[in-house]
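Q: Okay, here's the prediction I keep looking at, along with the sequence it came from:
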Amino acid sequence: MDVKQEWFLDASFWEEYAPIIFDAKRWNEVPAVADGVTRLSKLRLYDETPAVPPKGPPRILDLCCGFGRITLELARRGFYPTGVDITEAYLAAAREDAAYEKLEVELVRADARSFKRPGAFDAAVNLYTSFGYFEDPRDDRLMVKNVYDSLKPGGVFIIETLGKEIAVRDFVEADWFERAGYLVLTQYAPRDSWGSLQNRWILIREDRRIERTFTQRLYAASELRTLLREAGFSSVELYGDWDESPYDHRAVTLIAAAQR
């Protein structure tokens, strides 16, 4: 019997939808996100008199790094980042950009459920709603535990995702817009009593039509905090944007900063 492949393992999805997912807005926000990562991870790279002299550039894991937007920006700022993703085309583009800028980065093709380097990183990030794709919720816990094990004592794991509260507050059944030369039609439907959100995206350009449907598990802020605490993290702070505003009714996104 054929085993159904999980949707996010299909490289053609990421290649076809890249112009829609990674539009100019996503590239323009990179500096602000990198600033937030630096603050929330408590990495004091530029302190004039650090309490403990650094032993080298802080090492940061960028899990599900895509084109390396944040990975490369962290390298520009003096960190040593490791970007991990399953889409080789994205990693190839990131390698090309890193080589052009002569940036020292490591880029690894791997599944987030299997990547683990015990005690290797000062901080780790999983950004831009790249969490909750696995069909089995136990895989979410496995990924978080692998990150916990990969951090040094005191290391911080930052997740930025679509909180369930925001998904409910801003829910629309359908929408359309134009981007990258495509007419983009979207449809959304809650599943499992808002346990997940089904997405249907249709791209139309001239005589070409692309359609994909996928589902993402949703976490309320309290559920994400519990998941991180159960993985072993000693503390979890929650925010509603990169300016560290509270996660409340005005929140733009859900950001969790968990310290090992």
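A: Structure received.

Q: C-alpha from now on. contacts and neighbour counts both.
A: OK.

Q: Contact partners for Ala124?
A: Ile60, Leu61, Asp62, Leu63, Val147, Leu151, Gly155, Val156, Phe157, Ile158 (C-alpha atoms under 8 Å, 6 or more residues apart in numbering).

Q: nope, Ala89 is what I was after
A: Glu15.

Q: Can you check the pLDDT for it?
A: Here, the pLDDT recorded for Ala89 equals 91.

Q: Check Thr49 too.
A: 48.

Q: Residues touching stretch 171-191, excluding its own?
A: 19-20, 23, 196-205.

Q: please redo it, this time with the cut-off set to 7 Å
A: Identification of contacts with stretch 171-191 by C-alpha atoms under 7 Å, 6 or more residues apart in numbering yields Pro19, Ile20, Ser196, Leu197, Gln198, Asn199, Arg200, Trp201, Ile202, Leu203, Ile204, Arg205.

Q: cool, stretch 223-233 as well?
A: Arg141, Val144, Lys145, Val236, Ala258, Gln259, Arg260.

Q: Likewise for stretch 136-144?
A: Residues from elsewhere that reach stretch 136-144, judged by C-alpha under 7 Å, 6+ apart: Ala112, Arg113, Gly132, Phe134, Leu227, Leu228, Ala231.

Q: circling back: can you tell me which of the contacts of Ala124 are in helices?
A: Among those, the members falling in helices (DSSP state H) are Val147.

Q: hang on, the earlier thing: give me the buried subset of the contacts of stretch 171-191.
A: The neighbour-count criterion (16 or more other C-alpha atoms under 10 Å) marks Ile20, Ser196, Leu197, Asn199, Arg200, Trp201, Ile202, Leu203 among the contacts of stretch 171-191 as buried.

Q: Now do the helices in the stretch 101-250 of the chain.
A: 137-150, 164-169, 221-230 (DSSP state H, counting those that start in this stretch).

Q: State the mean pLDDT of the longest one.
A: Averaged across helix 137-150, pLDDT comes to 97.

Q: I'd like the distance from it to the chain centre, please.
A: Distance of helix 137-150 from its chain centroid, counting by C-alpha atoms, centre = their mean, to the nearest Å, is 14 Å.

Q: ok and that helix relative to helix 221-230, angle-wise?
A: 50 degrees (axes from the mean of the first three to the mean of the last three C-alpha atoms, to 10 degrees).
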